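>>> take a look and give me a structure for this.
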Amino acid sequence: MPGVTGLRVLILGGTTEGRALAAACADLPGLHVTSSLAGRTSAPLHVAGRVRVGGFGGVDGLTAYLRSERVGALVDATHPFAATMSAHAATAAARAGVPLLVLRRPGFASRPGDDWHRVPTVAAAADLLPTLGEQVFLTTGRQSIAAFAGVTGCWFLSRSVEPPEPPVPARLRVVLDRGPFTVAGERALLAAHRIDVLVTKDSGGAAPKLDAARHRGIPVVMIDRPGAATPAGAGIGASTDPAASPIAAGPVRDASVAGSTAEIVDSIPAALGWLSARAAR
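Below you'll find the predicted structure:
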């Protein structure tokens, strides 16, 4: 961005939070934002402002980008399970001397009537499944489906934006769809396919699928977040309103992210306050 004055901000992630922050920054003077998308989907949703697509080439590449573009603030708004990218962001920010903010939605919390089985990994979820049900709804993302390829005795329904690549379970039906979803729609989907167990990640945000599972009384296999990607204060319950914003208001927190100190927020207003404070310096 030659000739640009003000605070140069790099936002990592095409998540709901990342898009919302980019849109909010567009209305603020003194902030010049570039959003970086991983490029894993062929038709990403619109992001306000300047956008780059594709990887950086690891920690060294991201460090070089921060220096060459004279980035003054780095925001990690990647998916809560993007542990590798979060680790790269923390290391690169430390090397380049760039302040790092982690914008992370709160995790899920069980409610009365829930039958949750928390597991640490996708592989652990695959191991547990045969003891819980036979008609499985997978909402873990297409890149996780391979972990269930060896599970026998189960039929799988998977939902993702784009088709998964092999290996996949022998009995698998793929639904290509993109949210937001509704509780009524999720209940109808579970009923139509006689789903008796749901597998999902503790990604946080609005989760009508969890409300639908509670209503039908089916167990949920909940895959915990990677430790490096879990902010302090995670565990705030998901909204029962599928139209509600998954970004709750919350304070700035200091935390260790991948061995490097970062500030963590779980709201757009808090992220804007953090950025505005640095733009005013």
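>>> name the SS class of Ala64, please.
Of the three states, Ala64 takes helix under DSSP: H, G, I helix; E, B strand; the rest coil.
>>> what is the least confident helix or strand in this protein?
strand 253-257 (a mean of 48; mean pLDDT, DSSP states H and E).
>>> how about the strands in the stretch 51-200 of the chain?
73-76, 100-103, 116-119, 135-139, 155-160, 172-176, 197-201 (DSSP state E, counting those that start in this stretch).
>>> wait, what's in contact with the residue nearest to Ala147 when sequence neighbours are not counted?
Sequence neighbours aside, Val122 is the residue nearest to Ala147 in space, at 4.4 Å (criterion: Cβ to Cβ, 6 or more residues apart in numbering). Using the backbone N, CA and C atoms, a C-beta is placed for each residue, glycine as well. Counting by Cβ atoms under 8 Å, 6 or more residues apart in numbering, Val122 touches 140, 144, 147, 223.
>>> go on, Phe148?
125-126, 129, 136, 138, 154, 156, 168-169, 199.
>>> one more time with 10 Å, if that's ok
Shown in contact with Phe148 (Cβ atoms under 10 Å, 6 or more residues apart in numbering): 122-123, 125-126, 129, 136, 138, 140, 154, 156, 158, 167-169, 172, 199.
>>> on that earlier part again, turn the strands of the stretch 51-200 of the chain into TSV, columns for mean pLDDT and distance to Leu31.
Shown next, in TSV, are the strands of the stretch 51-200 of the chain (pLDDT from 0 to 100; distance: least, Cβ to Cβ, whole Å):
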stretch	mean pLDDT	distance to Leu31
strand 73-76	96	9
strand 100-103	96	13
strand 116-119	97	39
strand 135-139	97	35
strand 155-160	95	33
strand 172-176	95	36
strand 197-201	97	31
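>>> would a markdown table of those strands with mean neighbour count be doable?
Below are the strands of the stretch 51-200 of the chain laid out as a markdown table (neighbours: other Cβ atoms under 10 Å):
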| stretch | mean neighbour count |
| --- | --- |
| strand 73-76 | 26 |
| strand 100-103 | 25 |
| strand 116-119 | 17 |
| strand 135-139 | 23 |
| strand 155-160 | 21 |
| strand 172-176 | 13 |
| strand 197-201 | 24 |
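>>> and of those strands, who's closest to Ala20?
Ala20 lies closest, by Cβ to Cβ, to one member of the strands of the stretch 51-200 of the chain: strand 100-103, at 9.2 Å.
>>> ok now the helix ranked longest in the chain, how far from the chain's centre?
Across the chain, the longest stretch assigned as helix under DSSP state H is helix 83-96. Mean C-alpha position of helix 83-96 versus that of the full chain (Cα atoms, centre = their mean, to the nearest Å) differs by 17 Å.
>>> can I get it in PDB? Just the C-alpha atoms.
What follows is helix 83-96, C-alpha atoms only, in PDB (Å, rounded to 0.1, in the frame of the first residue of the first chain):
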ATOM      1  CA  ALA A  83      -4.300 -24.000  15.300                       C
ATOM      2  CA  THR A  84      -1.500 -24.000  12.800                       C
ATOM      3  CA  MET A  85      -2.300 -20.600  11.300                       C
ATOM      4  CA  SER A  86      -2.800 -19.100  14.800                       C
ATOM      5  CA  ALA A  87       0.600 -20.500  15.800                       C
ATOM      6  CA  HIS A  88       2.200 -19.000  12.700                       C
ATOM      7  CA  ALA A  89       0.500 -15.700  13.400                       C
ATOM      8  CA  ALA A  90       1.900 -15.500  17.000                       C
ATOM      9  CA  THR A  91       5.400 -16.400  15.900                       C
ATOM     10  CA  ALA A  92       5.500 -14.100  12.900                       C
ATOM     11  CA  ALA A  93       4.000 -11.200  15.000                       C
ATOM     12  CA  ALA A  94       6.700 -11.700  17.600                       C
ATOM     13  CA  ARG A  95       9.500 -11.800  15.000                       C
ATOM     14  CA  ALA A  96       8.300  -8.700  13.200                       C
END
